[in-house]
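S.K.: The sequence and its predicted three-dimensional model are supplied below.
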Amino acid sequence: MKFESAANRARVEPTMKAPCDEMVIRSGRMGQECVAKARPWILAATILGSSMAFIDSTIVNVAAPKFQSTFHASVVDVQWVIESYGIFLSGLILAGGALGDWIGRRLVFLVGVGVFAAASAGCGLASSIRVLIIARCAQGIGAALMVPGSLAIISASFEEKTRGRAIGTWSGFTTMTTALGPVLGGWLIEHASWRWAFFLNVPLAAAVMVISLRHVPESRNPRSKRLDWVGAFAATASLSGLVTGLLESSKTGWSGPIVLSSLAGGVVLLVVFLWVESRASPAMVSLELFKSRSFLGANILTFFLYAAIGIFFFLLPIALMQVYGYSATSAGAASLPLILLMFLLSRWSGGMVARRGGKIPLIVGPLLAAGGFAVFAMTLESGGGYWKTFFPALLVLGLGMAVTVAPLTTVVMSSVDKDHSGAASGINNAVARLAGLLAIAVFGIVMVKTFAAHLEQSLPRLSVPPEAIQEIRSKEIELAGMELPKNLDANARAAIKNAISDAFLAGFRGVLFSCAGLAIGSAGVASVLVSKK
């Protein structure tokens, strides 16, 4: 979802957009001027294209419990459905934008839309969790071409006088689609199938392609140089190795050969990536930008805070549906108060930068967000109602994020010179996505270990046959979505179900306190590194 700061907005992954999405538009170079009458069509194509990626991210989180029940999958398998998309999107998004500047923004945008649509159909037709994960990888590649392409097309197609209004229109519509995505996805999941949440992208993509071919002019940057293919490969491969090692450790332990080799390979490739970027021309990530203390601080803040948001919005729908018994539609709508609050207050928080500077909002906002996570943790209890358990915490968290996101965009863009504004916005965007990607992997381990420990404490106290306890222990990695043993009486099933719910909430509570710690760390980084100006 996008949030304005005097027309700057941001996003949370999977429910918000990254801080500097909109600044990618503002920092682009003017390309070919399009005819005025074609501009509404250009906006329609870019809005629909961006919305597909944003809606899909939010729908997948709501659909996660359904993936688990349909394919009898573990929570690690469900994590892979989320992470496989994020790996390729995070690793290739900067290269996707540069490719559009080089060979043509419309061409790359259309290729991205086509790949995304075909991959969405593959997701909808998936016959197993492995097929779904592979199709999600392809979706991530398509999104890496489509998302930066849609932003660059607006920059190239609108002159300076009308670009601000175009940005506002695009931001408003993408905000609405992102907010409505979980609700629409939940309704489709509840009344049709989770597969239709993916099939929905196919007609949308067809409309985008028809509009783009007829109305969107081609544009490119004649000064664009060759692409940093080595950097793009090293970044994607490093992320793949690190995420594989972290996720698979929940299954095999830290000493497993796949875990050790994946983590080692990921670290080595990360070193290779940094070495390549320090020497490449042009570099996918300009390391020189991090010499600015404010830019460095803003990106560390982004990483900490968006890591907390990423794992929170991964676990929240699972808790709502598997522990509290919410329908998919209700689970999708549960976070609307947070999203609407951020939308309503984003312009106010943007104006606050001009009055107070960026430092104070970037300290106060994350502290409020930390309070929201802490309220969640303290009010989390099995059977608690929405207005008592979730609504107050969502308001506090929403206020904290509303105070943070617009000033964060402003600080990122003002901490570098104008010639590097495009690179700065792209890096911050990638950092936000990377944060969510790694948070789901790391805190997924915390969640599984805490769940298993609490469940182990409860099982000896239950009047359940030993073979049933053994079966439960073998399925601990499925968390609250595990199927209960058969041939149990009603009292035994109720007791086991309560023990599983309590263990899940204990793990979720621990993650929430960790999220609060990350948010406090964000405020500390801002107090030390971000300039008062």
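M.R.: Nice, I can see it.
S.K.: Any idea how many residues pack against Leu213?
M.R.: 11 (other Cβ atoms under 10 Å). No exception for glycine: its C-beta is placed from N, CA and C like everyone else's.
S.K.: and Pro65, that one's in a helix?
M.R.: Yes: secondary structure of Pro65 (DSSP: H, G, I helix; E, B strand; the rest coil): part of a helix.
S.K.: Tell me, how many residues neighbour it?
M.R.: By other Cβ under 10 Å, 24 other residues sit near Pro65.
S.K.: and what of Ala207?
M.R.: Other residues close to Ala207 by other Cβ under 10 Å number 15.
S.K.: so it sits in a helix?
M.R.: Yes: counting by three-state DSSP, Ala207 falls inside a helix.
S.K.: what sits against the closest residue to it other than its chain neighbours?
M.R.: Take Ala207 and drop its neighbours on the chain: the residue closest to it by Cβ to Cβ, 6 or more residues apart in numbering is Leu48, 6.2 Å away. Listed by Cβ atoms under 8 Å, 6 or more residues apart in numbering, the contact set of Leu48 reads Leu204, Ala207, Val208, Ile211.
S.K.: isn't the first one right up against Met52?
M.R.: Yes: counting by Cβ atoms under 8 Å, a contact exists between Leu204 and Met52, whose distance comes to 5.5 Å.
S.K.: what about those two, which has more around it?
M.R.: A count of neighbours by other Cβ under 10 Å puts Met52 above the other of Leu204 and Met52, at 29 against 18.
S.K.: just to revisit the earlier point, which one among the contacts of Leu48 gets closest to Val147?
M.R.: Nearest to Val147 among the contacts of Leu48 is Val208, at 12.6 Å by Cβ to Cβ.
S.K.: Contacts only, for the closest one.
M.R.: By Cβ under 8 Å, 6+ apart, the contact set of Val208 is Ala45, Leu48, Gly49, Met52, Val113.
S.K.: residue ranges with poor pLDDT in the stretch 351-500 of the chain?
M.R.: 351-354, 382-384, 418-423 (pLDDT under 70).
S.K.: same thing but 90
M.R.: Counting by pLDDT under 90, the ranges of the stretch 351-500 of the chain that qualify are 351-361, 379-390, 398, 401-438, 440-442, 444-446, 448-449, 451-500.
S.K.: before we move on, what about the stretch 101-250 of the chain?
M.R.: Looking at the stretch 101-250 of the chain by pLDDT under 90, you get 101-106, 108, 143-194, 196-197, 200-201, 212-250.
S.K.: quick one: the helices in the stretch 251-400 of the chain?
M.R.: 257-279, 293-318, 328-333, 336-356, 359-379, 386-389, 391-414 (DSSP state H, counting those that start in this stretch).
S.K.: With distance to Phe109 added, can I get these in CSV?
M.R.: Formatted as CSV, the helices of the stretch 251-400 of the chain follow (distance: least, Cβ to Cβ, whole Å):
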stretch, distance to Phe109
helix 257-279, 26
helix 293-318, 25
helix 328-333, 28
helix 336-356, 26
helix 359-379, 33
helix 386-389, 40
helix 391-414, 23
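S.K.: Which neighbouring elements make contact with the helix or strand harbouring Arg136?
M.R.: Element membership of Arg136 [criterion: DSSP states H and E] is helix 129-157. Where contact means 3 or more Cβ pairs under 8 Å, 6 or more residues apart in numbering; DSSP states H and E, helix 129-157 is packed against helix 21-26, helix 39-71, helix 75-103, helix 105-124, helix 160-191.
S.K.: how much does the longest one deviate in direction from helix 293-318?
M.R.: Per axes from the mean of the first three to the mean of the last three Cα atoms, to 10 degrees, the angle that helix 39-71 makes with helix 293-318 is 50 degrees.
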